[in-house]
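Peer 1: Give me a model of this one.
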Amino acid sequence: MRLMGSVGLAVAVAGLAAGSMLGAGTANAASQHAAIAVNPGEMVYGVSVNAASTADAEAAAIANCGTDGCEVAASWANGCGVLMESNEATVVASGATRADAERNAYQRISEVTPTAVLGTTGSANLSGVRIVEVVCTANAR
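Peer 2: Below is the predicted model:
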C-alpha cells in the first residue's frame, strides 16, 4: 500500500523502535499478534493481523509491504495499531484499544506537527493529519 508522501517517515519510524510494543498484551496461547511495516524510501507499507506470534506478524507485514527496504515500525499483541501521516511526518503507534492507539499516534505526530492536537478536538481537517490505516486484532478490547 502506498502512503501519500511524507517527509519525516524515516525519522519518525526510527524513533519507534523503543516504543513499538506500547500497549502490548501479555504473551499467552490466546494472544493474537499484529504488525505494521513501512519502507520510508518508497512510502509504502504493509500490515498483518491475528498472527500466532510476533515473529509471524512481523514477517507477514514485511511481505505485505512488498518492496525491498521494508522495516517493522510497530508490532503488538491483543490491541490496535495506527498508521498516521501529516505533511511533515508519518508515525505508527499501538495501544490496547483503537482509542489508545489513536491517542498515542496523535501524541507522537504532534511532536513534529504541532497542529496535530487539533485532531483530538474534532478539527482533524485543520490539523493536516490523516489516519492512513487502523489495524486491530480480533481480541482487542
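
Peer 1: Would you map the strands across this protein?
Peer 2: For the chain, the strands defined by DSSP state E cover 33-39, 44-51, 71-77, 80-85, 90-95, 130-136.

Peer 1: CSV for the ones you listed, including mean pLDDT?
Peer 2: Output for the strands of the chain, formatted as CSV (pLDDT from 0 to 100):
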stretch, mean pLDDT
strand 33-39, 98
strand 44-51, 98
strand 71-77, 98
strand 80-85, 96
strand 90-95, 96
strand 130-136, 96
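
Peer 1: quick one, which of those is nearest to residue 108?
Peer 2: strand 90-95 (4.4 Å; C-beta to C-beta). (Each C-beta comes from the backbone N, C-alpha and C, glycine too.)

Peer 1: how near is the residue nearest to residue 49 when sequence neighbours are not counted to residue 58?
Peer 2: Among residues not flanking residue 49 along the chain, residue 34 sits closest, at 4.3 Å (C-beta to C-beta, 6 or more residues apart in numbering). Distance of residue 34 to residue 58, given as C-beta to C-beta, to the nearest Å: 10 Å.
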